[in-house]
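[1] Based on what follows, work out the 3D shape:
(chains A and B)
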Protein chains: 2
Amino acid sequence: MKKLINRVEAVVDEATEGLGLAHPDLVRVHLEPRYVARADAPVQGKVALISGGGSGHEPLHGGYVGRGMLDAACPGEVFTSPVPDQMVEAAKAVHGGAGVLFIVKNYTGDVMNFELAAELLQAEGIEVRSVLVADDVAVEDSLYTAGRRGVGGTVFVEKIAGAAAEAGASLDEVERIARRVSENVRSMGMALTSCTVPAKGSPTFELGEDEMEIGIGIHGEPGRERMKLRPADEITAMLAGPVIDDLGLQAGEQVIAMVNGMGGTPLMELYIVYRQLAQILKQRGIAIVRNLVGNYITSLEMQGCSISLLRADDELLRLWDAPVHTPALRWGV
Amino acid sequence: MKKLINRVEAVVDEATEGLGLAHPDLVRVHLEPRYVARADAPVQGKVALISGGGSGHEPLHGGYVGRGMLDAACPGEVFTSPVPDQMVEAAKAVHGGAGVLFIVKNYTGDVMNFELAAELLQAEGIEVRSVLVADDVAVEDSLYTAGRRGVGGTVFVEKIAGAAAEAGASLDEVERIARRVSENVRSMGMALTSCTVPAKGSPTFELGEDEMEIGIGIHGEPGRERMKLRPADEITAMLAGPVIDDLGLQAGEQVIAMVNGMGGTPLMELYIVYRQLAQILKQRGIAIVRNLVGNYITSLEMQGCSISLLRADDELLRLWDAPVHTPALRWGV
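    As a prediction, this is how the structure comes out:
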C-alpha cells in the first residue's frame, strides 16, 4: 500500500486537522468526538445543516463546511459511518435555535446512526429533521444499502439547501428544498481501478488490466456490470443514459451537470467525459445551465468518474448561484 | 493502459474542447492552432498574459485562463512543448495593445518555442517580454532542462502577475512583478507511482512496491533519490527542508504555501502533508498567510505531491487576494 500517511489509525484525525489548519477562517475542527464546524457557528436564527459519513470521499463532507453550505460535517473512519456522538456534539455546537437538518447518504450505518443522533437531540429539545440522498441509479440494493445509494447528488443537496438556510429560510422550508433536490438528482459512476482502504492495506476489489466496472459504488461496491474497457464516449453514454432516463428528462428541460472524478482520475479525462456528456444532452434538447467538473465526491485514489444531473428550475438555480465559501466550493465571495 | 479517453491522438483536443464547453462564460477554445483564450479577449489596454506547455498538468495552464489570471494558454501534446504557431496566434487573438508577457516554465523545448514566437510577434510589431519560471530545487539540470525545472511556482506567477495586469499595470510593471514572484518561489515534489503518457501506453518509469522518488519532475523525470517509502511527516520534511533553505526563509517571514497533488493523490493525503508542513513552518517561526491544497499542477494520474512556498510581502499578498475567475481558481467573484 502506497499512501502519504503516517499511522493507519491516525489518517482521518490528521487529515481533519490539516483541513482545519489550512482553513481557520472557514472551519474549526473538533477531534473527540470528531467534527468540522463552521468557524462562525452557531449562526443565531439560522437552520443548521449537518452531514457526515465515512471518510475517503474528500472533499465531501468537511470540504463543504462554510458560509452557504454545511454548518458541520462528521467524518467517520474511512468508508465507515460516523457514530451518533459525533452528530450529537456537532449539532449542539452549531445549532442556532432554528433547528437542525441532517443530510444523510443512504447507507445502512449512516441512516441508523443519524436516526439515533436525531432521537438523542430531540430528547434534549433540539428539533431535527433528516433528508435522505439516494441518487445512484446503478443498483436498487447494494452491499451497504437498502434501496439506492447516496452519491454525487449529495453535493447538490448540501449546496442548495445550504443557500436556503443561509438566506434565513425556516426548517420546514430548508427541508422542503433539500427534498426537492434529492428527488430531482440522479447519478451513476464507473471505475477503472480499485482503491485501497488504509486499515485493510489491499485493494477493495480486483479488476483485470482491460476491465472496468460500470455502476460502481463510492466504496468500491459492485455495480451493474464488469466489462472490457471502452472508449470514453461510450462510457459516458453508458452513465448518462440511465441517469437521463431515470430522471425522465425531456427536451426543453434544464440541468446542472457534474462530472466527478473518483480521486485518481486526471482532470483532462474528466473534460473528455464532459465534452461527450454535453453532446449527448444537446442531442436530446436538454440544456446544461451550470456544471462542475472535478473531484467532488471521491473514493480515495480510485480511477474512474461519475455523472450527476439535477433537473433545474428558477428556484434551484437561484440557490445554486448564491454565494458559497467553503474549502472546496467557492463563488460569489 | 486504463484511461477515460477515445483515440490517443485526440486526447488533448477533446479535453480542450471539454474545457471550452464547460466554461463558455470564461474561455473560448481554438483548435488549429490550439489555444484557450479569455472569453472577453482582447481586453483593450491590458497587458496580455500568455502561458503554455505540454498537456497532462491540468488544470495548468488552460484552467487558469480568465479574469485576473491568463489571457491565453497554449496546450502542447501530453508532456510536449506547444509549437510557436500556437503562441503567435494566441497572442494575436488576445493582445489588447499594451504588450504581451509570456510565462514560460524552464524546459528546453518550451523556452525555444516561446523565444521563436516572441521574435515572430516582435517582427509584426507586438511587444513581447518573457519571464522564466525555474522554481524546482530538486535538481540543477534535468532530462528536458538546462537549469532548474519550472513547476508549482508557475501557478503563483500566473495568479499574481495576472492580478497586476488586470489592475492596469504596464508591461514593465507586470514583468517586474512576475520576476519578483519567480525569484521568491521554490518547489519540490515526490512520487509514489509513475504516470502513463497516452501515446506511449506504458508507465514512464518503474517504482518498486515499497519505493518512492524524492525530487521527481512533473514529467516523471528522475529526482534526487529513490528510496524506501517513509511516513508522510518524514516525506513532508524532506520536501519542505530544501525549499525553505533554498529560499533562505527566516523566522518572522510570511509565505503563501501550496500542497499540490500530482493528479492521483487523495485530497485526504494532501491535508495530512499540509498538517505537517504547517507544523514545520511554525517551528521555524514562518507564518503561512495563504494556502492552496489540491491538484494545481499535475502529472496525469501520478500519485505523489509537491510543496511550493512563495515569500510573501504586502504587494504580493494584495495581488494574490485580488479577484480571480478561471475554471480552476476562483475567489472574490
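
[2] So which elements touch the helix or strand harbouring residue A:53?
    Using DSSP states H and E, residue A:53 falls within strand A:48-55. Other elements packing on strand A:48-55 under the criterion 3 or more C-beta pairs under 8 Å, 6 or more residues apart in numbering or on different chains; DSSP states H and E are helix A:11-22, strand A:72-78, helix A:84-94, strand A:100-105, helix A:108-123, helix A:153-166. C-beta here means a position set from N, CA and C on the backbone, and glycine is covered the same way.

[3] Could you provide these in CSV, with additional columns for mean neighbour count and mean pLDDT?
    CSV is the format used below for the helices and strands packed on strand A:48-55 (neighbours: other C-beta atoms under 10 Å in any protein chain shown; pLDDT from 0 to 100):
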stretch, mean neighbour count, mean pLDDT
helix A:11-22, 24, 98
strand A:72-78, 26, 98
helix A:84-94, 22, 98
strand A:100-105, 28, 98
helix A:108-123, 18, 98
helix A:153-166, 27, 98
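
[4] Which of these sits closest to chain B?
    Closest approach to chain B among the helices and strands packed on strand A:48-55 is made by helix A:11-22 (3.2 Å; C-beta to the nearest C-beta).

[5] which outside residues touch that closest one?
    The contact list for helix A:11-22, computed with C-beta atoms under 8 Å, 6 or more residues apart in numbering or on different chains, reads A:5-6, A:27-29, A:31, A:34, A:36, A:55, A:58, A:62-63, A:75-78, A:198, A:327, B:232, B:268-275, B:278, B:291, B:293.

[6] So which of these sit within helices?
    Counting by DSSP state H, the contacts of helix A:11-22 place B:232, B:268-275, B:278 in helices.

[7] ok, and which of the residues you listed reach chain A?
    B:232, B:268-275, B:278 (C-beta under 8 Å from any C-beta of the partner chain).

[8] Tell me which residues touch the closest residue to chain B within the stretch 201-333 of chain A, please.
    With C-beta to the nearest C-beta, the shortest gap between the stretch 201-333 of chain A and chain B falls at residue A:271, namely 3.2 Å. Contacts for residue A:271 (C-beta under 8 Å, 6+ apart) come out as A:259, A:293, B:14-19, B:22, B:58.

[9] ok so, going back, will you turn the ones next to chain A among the ones in helices among the contacts of helix A:11-22 into TSV that also has distance to residue B:186?
    Below are those laid out as TSV (distance: C-beta to C-beta, whole Å):
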residue	distance to residue B:186
B:232	20
B:268	26
B:269	22
B:270	19
B:271	22
B:272	22
B:273	16
B:274	17
B:275	21
B:278	17
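
[10] between those residues, which is closest to residue A:108?
    residue B:268 (23.4 Å; C-beta to C-beta).

[11] ok so, going back, buried among the contacts of helix A:11-22? Make that a ChimeraX selection.
    Applying 16 or more other C-beta atoms under 10 Å in any protein chain shown to the contacts of helix A:11-22, the buried members can be selected in ChimeraX as follows:
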select /A:5,6,27,28,29,34,36,55,58,62,63,75,76,77,78,198,327 /B:232,268,269,270,271,272,273,274,275,278,291,293
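
[12] Quick one: name the residues of the stretch 101-250 of chain A near chain B.
    So the stretch 101-250 of chain A meets chain B at A:192-193, A:209, A:212, A:229, A:231-233, A:235 (C-beta under 8 Å from any C-beta).

[13] The stretch 151-300 of chain A: helices as residue ranges?
    Taking DSSP state H, counting those that start in this stretch as the test, the helices found in the stretch 151-300 of chain A are A:153-166, A:171-183, A:232-247, A:267-283.

[14] closest to residue B:242 out of the ones you listed?
    helix A:267-283 (27.9 Å).

[15] quick one: the closest one to helix B:11-22, angle?
    Interaxial angle of helix A:267-283 relative to helix B:11-22 (axes from the mean of the first three to the mean of the last three C-alpha atoms, to 10 degrees): 60 degrees.

[16] can I get the CA coordinates of helix A:267-283 in PDB?
    What follows is helix A:267-283, C-alpha atoms only, in PDB (Å, rounded to 0.1, in the frame of the first residue of the first chain):
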ATOM      1  CA  LEU A 267      -8.800  16.300 -14.900                       C
ATOM      2  CA  MET A 268      -8.000  16.000 -18.600                       C
ATOM      3  CA  GLU A 269     -10.000  12.800 -18.700                       C
ATOM      4  CA  LEU A 270     -13.000  14.400 -16.900                       C
ATOM      5  CA  TYR A 271     -13.200  17.100 -19.500                       C
ATOM      6  CA  ILE A 272     -13.200  14.400 -22.200                       C
ATOM      7  CA  VAL A 273     -16.200  12.900 -20.500                       C
ATOM      8  CA  TYR A 274     -17.800  16.300 -20.100                       C
ATOM      9  CA  ARG A 275     -17.400  17.000 -23.800                       C
ATOM     10  CA  GLN A 276     -19.400  13.900 -24.700                       C
ATOM     11  CA  LEU A 277     -22.000  14.500 -21.900                       C
ATOM     12  CA  ALA A 278     -22.600  18.000 -23.400                       C
ATOM     13  CA  GLN A 279     -23.100  16.400 -26.800                       C
ATOM     14  CA  ILE A 280     -25.500  13.800 -25.600                       C
ATOM     15  CA  LEU A 281     -27.600  16.300 -23.700                       C
ATOM     16  CA  LYS A 282     -27.600  18.700 -26.600                       C
ATOM     17  CA  GLN A 283     -28.800  16.000 -28.900                       C
END
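
[17] Identify the spatial nearest neighbour of the residue nearest the centre of chain A, chain neighbours not counted.
    Central residue of chain A (C-alpha atoms, centre = their mean): residue A:154, 3.9 Å from the mean position. Counting by C-beta to C-beta, 6 or more residues apart in numbering or on different chains, residue A:154 lies nearest to residue A:133, which is 4.7 Å off, once chain neighbours are set aside.
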